[in-house]
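In: mind folding the following:
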Amino acid sequence: MIPYGRQDISQADIDAVERVLRSDYLTQGPVVPQFEAAVSKRVGAAYGIAVNSATSALHIACAALDLGPGDLLWTSPNTFVASANCGRYCGADVDFVDIDSETFNICADKLANKLDMAASAGRLPKVLVAVHMCGQSPDMARISALARAHGVRVIEDASHSIGADYLGAPVGNCAHSEITVFSFHPVKIITSAEGGMALTNDAGLAARMERLRSHGITRDPALMTHVADGPWYYQQLELGWNYRMTDMQAALGLSQLDQLDVFIARRRALADAYDVALAGMALDLPGRLTGAVSSWHLYVIRLHDATRHRAVFEGLRADGIGVNLHYIPVHLQPYYRGLGFGPGDCPVAEDYYARAISIPLYAGLNDGDQAQVVAALSRHLAA
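Out: As a prediction, this is how the structure comes out:
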């Protein structure tokens, strides 16, 4: 089976993890801050807070922005459920902004209209989570300007997008958001097994997210309510969580970061090759936003004929092509239907879902396997 995505682990990665296993610290040691500093430097953000998953990063990002009961979070329906769930974890309500049909990201025009209507109704969101679908940035300059004009805070869910660029700068620099989140899950661009990171340029947000990832505890005397009882002393200032990343995970992530340019170059070459090889078939290729250079976490095609969606998908799987579908619209999940959402709420995302297939794309995919994917797809479309 040729998978839709997979990790690429080198001997250097294995050696890096082994060094931690032979060290004095498996967790809360020196490697996590090294990884945070390296990622922050790479993308041009002031602070990085490493956690055990991108979901955890989204949660502490929302909490640090004081999202809570009575507040509202907006996000894309075309994403993994974590982009919406982070708002629910904080007790907030959630709503969705439909996507652009070419880039699969939040449509800036639809966002503008929805914000105007929300302002008139007196029910603006407190937080907008702008998802970078497949590794390509949304139109963040416009999205950020729209959001900030209404006092809305912006989180970039760039789980797919480490190594991507937008307007000539690395995604993750937080030029258009308060906080940006990366994922280091095994199928992402680089991996720490499980893991994520929240990036920000705001010292106060960074300090709060760092505290929230570790039970809301501080050892800083300046933050304590009274003089410390002794050198052992700490205080829990607020309710936090155990979202810490281990040094083993950080060591793997740090080693993988050294290979990021190689991984990205290969993914971009594969995406370009797909564009050429699939041209003229009965499908739509992924669109490319002017000013954005994708990291190509995913390559998603959309069939012209939605009635053949399942047959083509199952045929490719039967041929050993491990295709997948990213994503089922979040508003159609049973949990969100229970909150009042349903079919017709986000028609562009629903049309996308009816036709989309994620085909194999990862740094270790060789030219022969890619040719096999193309041939199988051509055969099933012609059947």
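In: so residue 211 sits in a helix?
Out: Yes: checked against DSSP: H, G, I helix; E, B strand; the rest coil, residue 211 lies within a helix.
In: how many residues are close by it?
Out: Taking other CB atoms under 10 Å as the criterion, the count of residues near residue 211 is 21. C-beta here means a position set from N, CA and C on the backbone, and glycine is covered the same way.
In: likewise for residue 378?
Out: Applying other CB under 10 Å, we find 15 residues neighbouring residue 378.
In: now do the same contact list for residue 316.
Out: Residue 316 makes contacts with 323, 357, 359, 376, 377, 380, as judged by CB atoms under 8 Å, 6 or more residues apart in numbering.
In: CA atoms of the helix or strand where the last one lies as PDB?
Out: This means residue 380. Under the criterion of DSSP states H and E, residue 380 resides in helix 367-382. Output in PDB follows, covering the C-alpha atoms of helix 367-382 (Å, rounded to 0.1, in the frame of the first residue of the first chain):
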ATOM      1  CA  ASP A 367       8.800   8.800  -8.700                       C
ATOM      2  CA  GLY A 368       7.800   5.300  -9.500                       C
ATOM      3  CA  ASP A 369       5.200   5.200  -6.800                       C
ATOM      4  CA  GLN A 370       3.900   8.600  -7.900                       C
ATOM      5  CA  ALA A 371       3.600   7.300 -11.500                       C
ATOM      6  CA  GLN A 372       1.600   4.300 -10.100                       C
ATOM      7  CA  VAL A 373      -0.800   6.700  -8.300                       C
ATOM      8  CA  VAL A 374      -1.300   8.700 -11.500                       C
ATOM      9  CA  ALA A 375      -1.900   5.500 -13.600                       C
ATOM     10  CA  ALA A 376      -4.400   4.100 -11.200                       C
ATOM     11  CA  LEU A 377      -6.300   7.300 -11.000                       C
ATOM     12  CA  SER A 378      -6.400   7.600 -14.800                       C
ATOM     13  CA  ARG A 379      -7.700   4.100 -15.100                       C
ATOM     14  CA  HIS A 380     -10.500   4.500 -12.500                       C
ATOM     15  CA  LEU A 381     -11.600   7.800 -13.900                       C
ATOM     16  CA  ALA A 382     -11.900   6.300 -17.300                       C
END
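In: buried ones in it?
Out: By neighbour count, and taking 16 or more other CB atoms under 10 Å as the criterion, the buried residues in helix 367-382 are 369, 370, 372, 373, 374, 376, 377, 380, 381.
In: show me the contacts for the residue lying closest to the first one once chain neighbours are set aside.
Out: Going back to what we said before, that points to residue 369. For residue 369, the nearest residue in space outside its immediate sequence neighbours is residue 2; the separation is 5.1 Å by CB to CB, 6 or more residues apart in numbering. Residues in contact with residue 2, defined by CB under 8 Å, 6+ apart, are 320, 321, 322, 360, 365, 369, 372, 373.
In: partner residues bridging residue 2?
Out: Per DSSP bridges, residues listed as beta-bridge partners of residue 2: residue 321.
In: okay, the contacts of residue 2 in JSON lines with distance to residue 221 and pLDDT next?
Out: JSON lines is the format used below for the contacts of residue 2 (distance: CB to CB, whole Å; pLDDT from 0 to 100):
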{"residue": "320", "distance to residue 221": "61", "pLDDT": "98"}
{"residue": "321", "distance to residue 221": "59", "pLDDT": "98"}
{"residue": "322", "distance to residue 221": "54", "pLDDT": "98"}
{"residue": "360", "distance to residue 221": "53", "pLDDT": "98"}
{"residue": "365", "distance to residue 221": "53", "pLDDT": "98"}
{"residue": "369", "distance to residue 221": "58", "pLDDT": "98"}
{"residue": "372", "distance to residue 221": "62", "pLDDT": "98"}
{"residue": "373", "distance to residue 221": "59", "pLDDT": "98"}
